[in-house]
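Novice: mind looking at a prediction? Sequence and model below.
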Amino acid sequence: MNSSVKEVDKFTLPELPYALDALYPQISEETMRYHYGKHHQAYVNNLNTLIHNTPYENYSLEEIVLRSEGSIFNNAAQVWNHTFYFEQLSPFPQDVPMGVLAEAIVRDFGSLENLKNEIIRTATALFGSGWVWLACDKRDRLAVLPMQNAGNPLTHGMTPLLAVDVWEHAYYIDYRNRRADSIGALWDRIDWGCIEKRMPKN
Ligand code: MN
């Protein structure tokens, strides 16, 4: 047998915690079929191909994101980012933040509405493809960060809390060019219970 033939893919597409049509009407089944079924899957497939027979085969996904660059970084970070993005959405979300997360949002943004407006403003101003993140720094301060392409707060030493995908593939089927409207709708599917679990544990 040729030992260079890949026997098992290291990474697989994570299962969604809900059905493809469960986020309708904010996100349609057609968008999910493309975004999860084709784009997310393609990043997984590309990553498996790119790391084959390289030292990255022995790394966790997070280690690859932190230690790679170029096309391996791009595909690894897109796998990580999309897994994180789909996990935070729910057909039955906890619709407001609670506890320490709620306190941190009021402390750093004034209100949840202000945070939403800052995320939409930042997403609208982000030129081209990328992500807008809510992340927590080492002093436990929250920040809204725009990042180009596959950017991820982990490479800046920050803890990602919420990911907003502003690649056109995330919204163009349902919202065409209306990026701000797509985020306003997405907001109603964010499970703040999930976001709170991502806060750094002290
Ligand atoms: Mn995407």
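Specialist: Yep, it's here. Residues are numbered from 1 along each chain as shown.
Novice: ok, longest helix in the chain?
Specialist: Among the segments of the chain that qualify as a helix by DSSP state H, the longest is helix 70-87.
Novice: and the ion, is that helix touching that?
Specialist: No - between helix 70-87 and the ion, judged by CB under 5 Å from the ion, nothing touches; the nearest distance is 5.6 Å. (Glycine included, C-beta is placed from N, CA and C.)
Novice: just the buried residues of that helix, please?
Specialist: 72-87 (16 or more other CB atoms under 10 Å).
Novice: what's the answer for stretch 110-117, then?
Specialist: Of the residues in stretch 110-117, 112, 115 count as buried by neighbour count, 16+ other CB under 10 Å.
Novice: can you give me the mean pLDDT across it?
Specialist: Stretch 110-117 shows a mean pLDDT of 98 in the predicted model.
Novice: what's the answer for stretch 61-68, then?
Specialist: On average, stretch 61-68 scores 98.
Novice: output that stretch as CSV - backbone C-alpha positions only.
Specialist: Extracted in CSV, the C-alpha atoms of stretch 61-68 (Å, rounded to 0.1, in the frame of the first residue of the first chain):
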residue,chain,number,x,y,z
LEU,A,61,-7.4,22.7,15.2
GLU,A,62,-6.7,25.5,17.6
GLU,A,63,-2.9,24.8,17.5
ILE,A,64,-3.0,25.0,13.7
VAL,A,65,-4.9,28.3,13.9
LEU,A,66,-2.3,29.7,16.3
ARG,A,67,0.8,28.3,14.5
SER,A,68,0.2,28.4,10.8
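Novice: quick one: contacts of it?
Specialist: 11, 47, 51, 56, 59, 72-73, 76-77, 79-80, 152, 154-155 (CB atoms under 8 Å, 6 or more residues apart in numbering).
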